[in-house]
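Trainee: below are the sequence and a predicted model; questions follow.
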Amino acid sequence: MDPAKIGILGFSAGGHLAATAETHFNKPVIDNKGISVRPDFAVLAYPVITFGDEAHKGSRTNLIGKTPTQEQVDLYSNEKQVTADTPPTFIMQATDDGGVPVQNSIMMYEALLKNKVKTEMHLFRAGGHGFGLINPKAPNCGLTGVQAG
């Protein structure tokens, strides 16, 4: 591991925050005095990604209100903000997630691939929403932690 590399990890709505950090790092909202805020890698677990048709409605409303403009929806639909400079990303989600549609992870994965960003995605058959890094519905999956390098 390289201690000079800093990543970001987010689950669910925190996954939206992490995805925003990895795709909006070149749009500073504060004076960062020339220090890069780009994470070196990202880990997104059952993330809220889009604010479009497959949005987690509560997350969208909490962030941009009940009547957002199309510009706001597009800006915070992080799959639309991926570029070749987006850091390598690991995504995981269960296909039976009842909280955040699995299409969120799939859209992000496809955007990363399209922009030639190193990415890996694990979709579990079962696990629901909120399983953390150990999925009790898939005990033989071998995923007990995530290491990025």
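Mentor: Good, I have the coordinates.
Trainee: which strands and helices lie in contact with the helix or strand bottoming out on mean pLDDT in the chain?
Mentor: Within the chain, no helix or strand scores below helix 57-64, which has a mean of 88 by mean pLDDT, DSSP states H and E. The contact analysis (3 or more C-beta pairs under 8 Å, 6 or more residues apart in numbering; DSSP states H and E) places helix 57-64 against helix 13-23, helix 70-75. C-beta here means a position set from N, CA and C on the backbone, and glycine is covered the same way.
Trainee: okay, which residue of the protein is out on the far edge from center?
Mentor: residue 33 (26.3 Å; C-alpha atoms, centre = their mean).
Trainee: sorry, back to before: quick check: angle from the least confident helix or strand of the chain to helix 13-23?
Mentor: 50 degrees (axes from the mean of the first three to the mean of the last three C-alpha atoms, to 10 degrees).
Trainee: thinking again about what came up before, looking at the helices and strands packed on helix 57-64, which is closest to residue 128?
Mentor: helix 13-23 (15.2 Å; C-beta to C-beta).
Trainee: tell me how far the closest one lies from the chain's centre.
Mentor: Distance, stretch centre to chain centre, for helix 13-23: 5 Å (C-alpha atoms, centre = their mean, to the nearest Å).
Trainee: buried residues, it. List them.
Mentor: Residues of helix 13-23 classed as buried by neighbour count (16 or more other C-beta atoms under 10 Å): 13-23.
Trainee: let me see the ranges of the strands in this protein.
Mentor: Per DSSP state E, the chain carries strands over the ranges 7-11, 41-45, 89-94, 119-124.
Trainee: can I get the CA coordinates of the last one in CSV?
Mentor: These are the backbone C-alpha positions of strand 119-124, laid out as CSV (Å, rounded to 0.1, in the frame of the first residue of the first chain):
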residue,chain,number,x,y,z
THR,A,119,-13.1,-0.3,-12.7
GLU,A,120,-14.5,-3.5,-11.2
MET,A,121,-18.0,-4.3,-10.2
HIS,A,122,-19.4,-7.1,-8.2
LEU,A,123,-23.2,-7.7,-8.3
PHE,A,124,-24.5,-10.2,-5.8
